Every structure is written in structure tokens, then in C-alpha cells.
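In: generate coordinates for the sequence data below:
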Amino acid sequence: MDNNLKHFFGSLRDHIGNIVNLNEHIDTDKASQYIRSNIEFKGPNAYILAFAIVIASVGLNTNSIPVIIGAMLISPLMGPIFGIGYGLGTNDTAFIKTAFKNLLIMVVISILASSIYFLVSPLELENPTELLARTNPTIYDVLIALFGGFAGIIEISRKDKGTVISGVAIATALMPPLCTAGFGLASGSLKYFAGAMYLFFINSIFIAIATFLTVKYLKFPMATFTDPARKKRVSRWVAALTIIIVAPSVYSAVIMIRENNFNHTAKEFIAENKEMARSYIYDYDIYSHSKPPKLELFIAGEALGQDQLSSLYRSAHDFGLTDDQLIITQRAATDQNEMTDRVAIQSIYERSDQEIQKREQIISDMRKELQAYQAKELPYEQITNELIAQYPSLSDVTLTRGYSISTDSLGRTEEIIIILKAGRTISQENMEKLRKWLTVRLDFENVKLLQQ
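Out: Here you go, the predicted structure:
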């Protein structure tokens, strides 16, 4: 039994190892050439960047998601970012400087060009949701950038290229935040500019970190140095630069997780305590950037008494909120005496509204029942005239709706029953033709035709 188990787990380990093995599918030399050829900012890349800036700015200005996605796909910004991560992983300081310089030029041009566009654009949106979405990064943006970077560098290193790079470009979104930063400059909004640049910084750094780690793992060829002392200095410089890049990113990720956790806790607490007797929370503000983070509640209705305040603070403690994190503002609340007349009048209006709504609902139900009844009403006179036109010998026509009841299951089947009375007998063949014609004419399949 032990040998069988060992054999099973050994086979499973070998199978999993075969699945996750990358060596057979990776070509580091071609990947290095690809990365080196895509960091330069000249020739076609300069034009493509200009086109991507215009497309992304128009997409953000018009709230058009497909247009924004198009700008993400054609933007050349990802090349230098992969280049920085590659340079860190291979200890190539000259390449890092070149990639960083080109990325900086691209960023400055993108921000300035989008600022000019938004300054001259006559279109103003009341609710620019796509712009707002690029000003408040969350921990999910960190995860998207990190794993998008892993997917991107593995795709670049793969022998048979696919469409992963396009997906990474859409998921990690580098061009839209820069254009949003340009909008912030054009509109004089520091909040928009800072939030968008923060998102771009997160995306760029974590893509570079993922590239650095993958390059190390796949053992890309390291930069060669003839001077051992210079090699040692470069290694130290790259290590220091790596720490400088990674440390703030880890710190920002931790801060972001804390802020998201506080936001989630605050909203759960508000949902739990939304209504309190004759008082309710009509609005709130979450100050997640303050130390400690704070939650301000705006109370309307009857002013909270000491017992209610104590109960609210106890509930806050249950959610992990301390007294100094909870701010209760009751400017819209009034005391009980002032509320008496208002509550009485409000209750009268509420009862009146409820009565009106009930009557409207009854009328609506009756109207639906009438429409259903009218829809089932048979065109008796018209059908009779049409039957007489086909069989002038008819002396009497009976049309009715009914149900056929099964004696076994007591189930019922709706039918239209038509009884004909004529001076002479209608043949069975003609009766069947009439029945088929009536099913089409009445748009009802279950027609029973009888002859008296």
C-alpha cells in the first residue's frame, strides 16, 4: 500500500511538474531581442503614441469604453516598462537608463498632449464616469498590474506568440490614467491629477516588478562586464534600485489594503445601523486617508439621545471601530418636541400616499384583467359570417371557450368548441379542413369542431 501511494504521488508530482514546466516553451534570446526593440521612442512609436493619446482622450471625454480599449491596445507605453524590469533582472544599467528615459519622455508628452486636448475640447460631461474611474486606485489595481505583468513577460518569452499582450494592455490600462492626469491639469483639479498619476505609478511599478521576478526565474542572460569591480558596482546599484522601487510599492499596497478594509467595514456598519427608531443615517463620509481613518455619520430625524448614542458606539466597537474614528453630526436632526407636529403631518401625507398607491395598484390589476378577458373574447359575428360564406346551408353556429377535464388527473385543457348546424351533413373531410382553418384563423391550436 505504501509503495502504491508513493508511486501515485510521484506520478502526480511528475505530471504537475510537466504541466508547469516552462523550459520547453521559452526562448530567452528572442525575448531579449523583442524587449530591446520595443523600448525606443522614435519612428513609428512616436506616431503611434500621438494617435493613442488622441484616441484615449476622446474616449474619456465621451465616456466611450470601446474607444478607450482601442487606445490601450495601440499604446507603446508598455515596452519601456517591460524594459525597466528586464534591465533590473539582467543587471543592465545602460538599458535601464534608456528604457526609463524613453518612458519619461512618453509620459510627459502624453500628459501635455491630453492637457491641450481637454483645454480646447468643447465637450463637457456632467458625469465623467470613465475619468473618475482612473482617479481612485484600489488593491485590485495592484493585483491586476502584478499578474498582468507576469502574463505579459511570459508571453514575450514564449516561442509561439499569442494574443496575451493585447489582453495585458487592456487589463493594466496605462494610457487612460495619463490622459486623465492631463484632464486634471487642464481643469485645475489636483485630485484628478494625483489620483491618475498614482494609478499609472502602481501599474508601471508592478508590471516592472513582475518582469524583474520572471526574468530572474527564467534565468535570462545577464549583462557581461570585463571589469569585475564594475560588475560588482552595477550589481549593487541594481539591487539598491530594486529596493527603491519595490519598497514604496509594497508600502502603498499595504496602505491600500488597510483603506479598502476600513471602507468595507464602514459600509457594513452603516448598513447595520441605517435606521434607528425615529432617526436615520442620510449620508456619510469616509476619511480613509486620515490617521486613524474616520467615519462621519450625518443623522436626520429625531436627535439621538444618550442611550441611542451609546448603542451606536457599541455597534461601532463590534465592527472594530473606536470612538475617535466615529464622528456623529446631527445638524439635520431636531429634538422630540419639534418633531411631534412634523411627524403627525408626515404620517398623514404618508397614509394618503399609501392609499393612492393602493388604489392605483387595484386599477392597474383590474385593467390587466380586462385586457386579458378582451384578448380571449372570440370574434363571434365575424367567424359566423365567414363560415356561412363557405357553407350557405349553415343555420346555426355555436362558439364558446371551455375546458376539457381529465377524470384521471383532474387536469384541465383549454379548448374552443364550435358546433355547426346545417341543412345537410358536412363531410368528415370538409369538417377537418374547417377545423384546420379555424385553428389558424383563431390563432389557437386546440379547436374542437362538432356537427349537430
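In: mind checking how far Ile257 is from Val250?
Out: Computed as C-beta to C-beta, to the nearest Å, the Ile257 to Val250 distance reads 11 Å. Quick note: C-beta positions are derived from backbone N, CA and C, even for glycine.
In: how about the strands in the stretch 351-452 of the chain?
Out: Along the stretch 351-452 of the chain, the segments classed as strands by DSSP state E, counting those that start in this stretch run 394-405, 412-422, 447-451.
In: ditto for the stretch 201-350 of the chain
Out: 275-276, 279-287, 294-302, 326-334.
In: looking at these, which one is packed in the most?
Out: strand 294-302 (a mean of 19; mean count of other C-beta atoms under 10 Å).
In: partner strands of that one, with direction?
Out: strand 279-287 (antiparallel), strand 326-334 (parallel) (DSSP bridges).
In: need these in CSV with distance to Tyr198, can you?
Out: What follows is the strands paired with strand 294-302, written out as CSV (distance: least, C-beta to C-beta, whole Å):
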stretch, distance to Tyr198
strand 279-287, 17
strand 326-334, 26
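In: mean pLDDT lowest where, among those strands?
Out: When these are ranked by mean pLDDT, strand 326-334 comes last with a mean of 73.
In: returning to what we had before: tabulate the strands of the stretch 351-452 of the chain (CSV), appending mean pLDDT, distance to Phe95 and mean neighbour count.
Out: Shown next, in CSV, are the strands of the stretch 351-452 of the chain (pLDDT from 0 to 100; distance: least, C-beta to C-beta, whole Å; neighbours: other C-beta atoms under 10 Å):
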stretch, mean pLDDT, distance to Phe95, mean neighbour count
strand 394-405, 81, 84, 13
strand 412-422, 84, 80, 15
strand 447-451, 84, 84, 15
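In: could you dump these into a markdown table with distance to Gly167 added?
Out: Shown next, in a markdown table, are the strands of the stretch 351-452 of the chain (distance: least, C-beta to C-beta, whole Å):
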| stretch | distance to Gly167 |
| --- | --- |
| strand 394-405 | 59 |
| strand 412-422 | 54 |
| strand 447-451 | 58 |
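In: could you list the low-pLDDT ranges of the stretch 301-450 of the chain?
Out: The model of the stretch 301-450 of the chain has pLDDT under 70 over residues 331-352, 374-375.
In: any chance you could map the helices in it?
Out: 306-318, 336-376, 380-390, 428-441 (DSSP state H, counting those that start in this stretch).
In: repeat for the stretch 51-200 of the chain
Out: 65-74, 78-90, 93-120, 129-132, 139-157, 164-172, 175-187, 190-217.
In: now the fourth one: average pLDDT?
Out: Model confidence over helix 129-132, given as mean pLDDT, is 54.
In: nearest to Ala151, out of the strands of the stretch 351-452 of the chain?
Out: In terms of C-beta to C-beta, the element of those nearest to Ala151 is strand 412-422, at 58.9 Å.
In: the closest one pairs with which strands?
Out: Sheet pairing for strand 412-422, using DSSP bridges, gives strand 394-405 (antiparallel), strand 447-451 (parallel).
In: would JSON lines of these with distance to Phe183 be doable?
Out: Formatted as JSON lines, the strands paired with strand 412-422 follow (distance: least, C-beta to C-beta, whole Å):
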{"stretch": "strand 394-405", "distance to Phe183": "66"}
{"stretch": "strand 447-451", "distance to Phe183": "67"}
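In: if we compare those strands, which one ends up closest to Ser427?
Out: strand 447-451 (9.8 Å).
In: quick one: that closest one to helix 428-441, angle?
Out: For strand 447-451 against helix 428-441, the angle by axes from the mean of the first three to the mean of the last three C-alpha atoms, to 10 degrees is 140 degrees.
In: what residues does strand 447-451 touch?
Out: 415-422, 425-426, 431, 434-435, 438-439 (C-beta atoms under 8 Å, 6 or more residues apart in numbering).
In: how about those, which pair is most distant?
Out: Greatest spatial distance among the contacts of strand 447-451 (C-beta to C-beta): Glu415 and Thr425, at 23.2 Å.
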